[in-house]
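Undergrad: Got a predicted structure plus its sequence, pasted below:
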Amino acid sequence: MCGSPARSGRRGARRVEGGHRIEGRWNFASGVTHAIWLMCPCVLWEGDKPVRAPSGAPVTRIFWVPARDAEIVDTWHVLGLRGSGSYDFTLAGVFVPDSHSVSPTDPPRDGGVLYDPRLNLSWIWTATAANALGIARGALDAFTELAGTSTTMSTEPLRDRTLVQARVAEAEAILSAARAYVQVAAGDLWTRAGQGQSDLDAAIVQARLAITHTLHEAVRSVDLLFHAAGTNAIYEHNRLERHFRDIHVAVQHAAGLPAHMQAAGKALLGLRPDDPGW
């Protein structure tokens, strides 16, 4: 399965007998060319107006639709992470039975730590941080291979230059420290939640902070290597070029937003962030 967190509000979903009929367009559907099912959040409509909750916010429902009912839109022409295939897709008046939809405010049907709504983003975005760490580790591996054979303005291999040696060590330290932080913080939250501890505030702050911090530290690590490689780094035949592009797209993910730093700072100062998952 794949899907998009973005809700379709322009046309959305309309109630019919036995379910809803939905239409709209969704973006960033990573893996959509391989998916069997699509997750489609929609605003509910009655007539020409969206259905609104007592708070005034539009009412949203999530629908699960067979991928064969969608049309993929060829939009994924991007700087990096091209292999994710995160195309847009559209649906035009597809019927979805009630059994294949759910309200995001419904309580989870399964218990356990994995399904706790407050912790959902912590678990999902830990994987996002892992992806960034993997890209940066790939950049280190590619640079090590490159440094043994390549030169720039002199005949001296990159690996024999003191500045290059220092940059590699710095990149390694940055990456390893970020990895350790997110492993410890996410692991601590998982352990505490699994033990049924009621006060998870401090553990959530550390996990969420570690995730965002890791994304940005992975970028910093790759940037050091990219510049240390000199003009070698700009050629497509060197793998470092792809890692550079990929990591700069990866950090654009919602998990890397600077707003998460602000929310963490709020919490550390004794305030309660309003953002989801805190």
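TA: Cool, got the structure.
Undergrad: Do me a favour and get the end-to-end distance for stretch 58-73?
TA: With CA to CA, to the nearest Å as the measure, stretch 58-73 spans 26 Å from end to end.
Undergrad: again with stretch 94-114
TA: Per CA to CA, stretch 94-114 runs 31 Å from first to last residue.
Undergrad: Can you give the distance of that stretch from its chain's centre?
TA: 22 Å (CA atoms, centre = their mean, to the nearest Å).
Undergrad: what comes up buried for it?
TA: 94, 96, 101 (16 or more other CB atoms under 10 Å). For every residue, glycine as well, the C-beta is placed using N, CA and C.
Undergrad: Also stretch 205-223?
TA: Buried, per 16+ other CB under 10 Å, within stretch 205-223: 205-215, 217-223.
Undergrad: quick one: the helices in the protein?
TA: 120-147, 162-194, 201-228, 239-250, 259-268 (DSSP state H).
Undergrad: Compare these and report which one is nearest to residue 21.
TA: Comparing those by their distance to residue 21 (CB to CB), the top pick is helix 120-147, with 28.3 Å.
Undergrad: Point out where the stretch 51-200 of the chain drops to low pLDDT.
TA: Scanning the stretch 51-200 of the chain for pLDDT under 70 picks out the ranges 151-154.
Undergrad: Repeat the analysis, applying 90 as the threshold.
TA: 104-112, 117, 148-157 (pLDDT under 90).
Undergrad: and the buried residues of stretch 94-114 as a markdown table, adding distance to residue 62?
TA: Shown next, in a markdown table, are those (distance: CB to CB, whole Å):
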| residue | distance to residue 62 |
| --- | --- |
| 94 | 14 |
| 96 | 10 |
| 101 | 6 |
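Undergrad: mind checking how far the nearest residue to residue 244 once chain neighbours are set aside is from residue 80?
TA: Leaving aside its sequence neighbours, residue 244 sits nearest to residue 226 (CB to CB, 6 or more residues apart in numbering; 4.8 Å). Going from residue 226 to residue 80 by CB to CB, to the nearest Å gives 13 Å.
Undergrad: now swap in residue 182 and tell me
TA: Residue 182 is 21 Å from residue 80, by CB to CB.
Undergrad: of those two, who's got more company?
TA: residue 182 (26 against 19; other CB atoms under 10 Å).
Undergrad: Phi and psi next, for residue 237.
TA: phi -70, psi -10 (degrees, to the nearest 10).
Undergrad: for residue 70, same thing?
TA: Taking degrees, to the nearest 10, you get phi -100, psi 160 for the backbone angles of residue 70.
Undergrad: for the residue nearest to it when sequence neighbours are not counted, which residues make a bridge with it?
TA: Once flanking residues are discounted, residue 70 sits nearest to residue 89: 4.4 Å by CB to CB, 6+ apart. When assigned by DSSP bridges, residue 89 has beta-bridge partners residue 26, residue 72.
Undergrad: quick one: contacts for residue 89?
TA: For residue 89, the contacting residues are 25-26, 29, 32, 38, 70-73, by CB atoms under 8 Å, 6 or more residues apart in numbering.
Undergrad: and if you look at residue 27?
TA: Per CB under 8 Å, 6+ apart, neighbours of residue 27: 4, 6, 75, 86, 88.
Undergrad: Need the max-distance pair from those.
TA: So, those by CB to CB: farthest apart are 6 and 75, at 13.0 Å.
Undergrad: And the nearest residue to residue 22 once chain neighbours are set aside, how close does it get to residue 227?
TA: Distance criterion CB to CB, 6+ apart; nearest residue to residue 22, sequence neighbours excluded, is residue 13 at 4.3 Å. Distance of residue 13 to residue 227, computed by CB to CB: 49 Å.
Undergrad: Have a look at the two and say which one is more surrounded.
TA: residue 13 (29 against 11).
Undergrad: which residues touch that one?
TA: By CB under 8 Å, 6+ apart, the neighbours of residue 13 are 20-22, 42-45, 61, 63, 96.
Undergrad: now residue 56
TA: Counting by CB under 8 Å, 6+ apart, residue 56 has no contacts.
Undergrad: Can we start the residue count at 6 from this point?
TA: OK, 6 is where the count begins now, so the last one is residue 61.
Undergrad: shouldn't residue 92 be in contact with residue 30?
TA: No - the criterion here is CB atoms under 8 Å, and residue 92 misses it with residue 30 at 10.9 Å.
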